[in-house]
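Colleague: here are the coordinates; sequence isn't available:
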């Protein structure tokens, strides 16, 4: 009848200290808390969650501070909740035990999962809007080329003259070999488009 804890934060800048404190207050020993940092709840490949799910046995309780730390979509929350029930593991959401046999408990769980998914969708929408505004203002330009247009023309010219191989061109322009190949490929495509 052990308690296993799980905490998650979406970015490396966030801190799971508050979640760890809540889990300890809910009776989870520090060495039984599994953590994922820098991973979103929509990403199902979370090593900390996998370890927590592997650590729980029938009769144990998986404790999470809030449902949105466990899952950010209704199907994922239901999948995890159902798998816990099937294994005989109780799920504690901030101290409240999820009981799938209780209609009110089941409804509450689904409402929490819906809000978690809604919150994730809003965050994605705000991110897309922010990127669109930054792009419109010219602040989000993407990855800049390693070589200027003049350097690229010079590289292509040297390659066409046949006096330098790819490795020598990479050393001469202080770039990687794949960058040289990309510049040459881009030049070939551009030349073909002009024909």
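Modeller: Received the coordinates, thanks. Note that this is a predicted model, so its numbers are computed, not measured.
Colleague: can you point me to the longest strand in this protein?
Modeller: strand 3-9 (DSSP state E).
Colleague: name the helices or strands packed onto that strand?
Modeller: Using 3 or more Cβ pairs under 8 Å, 6 or more residues apart in numbering; DSSP states H and E, the elements in contact with strand 3-9 are helix 17-25, strand 33-37, helix 47-55, strand 61-64, helix 67-70. (C-beta placed from N, C-alpha, C; glycine too.)
Colleague: can you give me the helices in the chain?
Modeller: 17-25, 47-55, 67-70, 74-86, 103-136, 149-161, 166-173, 177-194 (DSSP state H).
Colleague: and those helices: which comes nearest residue 2?
Modeller: helix 47-55 (8.2 Å; Cβ to Cβ).
Colleague: what helices or strands is the closest one leaning on?
Modeller: So helix 47-55, by 3+ Cβ pairs under 8 Å, 6+ apart, packs with strand 3-9, strand 33-37.
Colleague: returning to that earlier point: and the helices of the chain, which is most packed in?
Modeller: helix 67-70 (a mean of 23; mean count of other Cβ atoms under 10 Å).
Colleague: let me see the contact set for the closest residue to residue 184 other than its chain neighbours.
Modeller: Excluding its sequence neighbours, the residue lying closest to residue 184 (Cβ to Cβ, 6 or more residues apart in numbering) is residue 159, at 6.0 Å. By Cβ atoms under 8 Å, 6 or more residues apart in numbering, the contact list for residue 159 reads 166, 169, 180, 184.
Colleague: thinking again about what came up before, just put the helices of the chain in a markdown table and tack on mean pLDDT.
Modeller: Shown next, in a markdown table, are the helices of the chain (pLDDT from 0 to 100):
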| stretch | mean pLDDT |
| --- | --- |
| helix 17-25 | 92 |
| helix 47-55 | 92 |
| helix 67-70 | 85 |
| helix 74-86 | 86 |
| helix 103-136 | 82 |
| helix 149-161 | 91 |
| helix 166-173 | 91 |
| helix 177-194 | 84 |
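Colleague: would you list the helices and strands packed on strand 3-9 in a markdown table and tack on distance to residue 188?
Modeller: Converted to a markdown table, the helices and strands packed on strand 3-9 look like this (distance: least, Cβ to Cβ, whole Å):
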| stretch | distance to residue 188 |
| --- | --- |
| helix 17-25 | 53 |
| strand 33-37 | 44 |
| helix 47-55 | 43 |
| strand 61-64 | 54 |
| helix 67-70 | 50 |
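Colleague: distance of the closest residue in space to residue 175 that isn't next to it in sequence relative to residue 157?
Modeller: If the residues on either side of it in the chain are set aside, residue 175 comes closest to residue 146, at 5.1 Å by Cβ to Cβ, 6+ apart. Remark: distance between residue 146 and residue 157 (Cβ to Cβ, to the nearest Å) = 17 Å.
Colleague: domain ranges for this structure?
Modeller: Domains of the chain are assigned by automatic domain parsing as 3-132, 149-194.
Colleague: residue 92 is in contact with residue 63, isn't it?
Modeller: Yes - contact criterion Cβ atoms under 8 Å: residue 92 and residue 63 qualify, at 4.4 Å.
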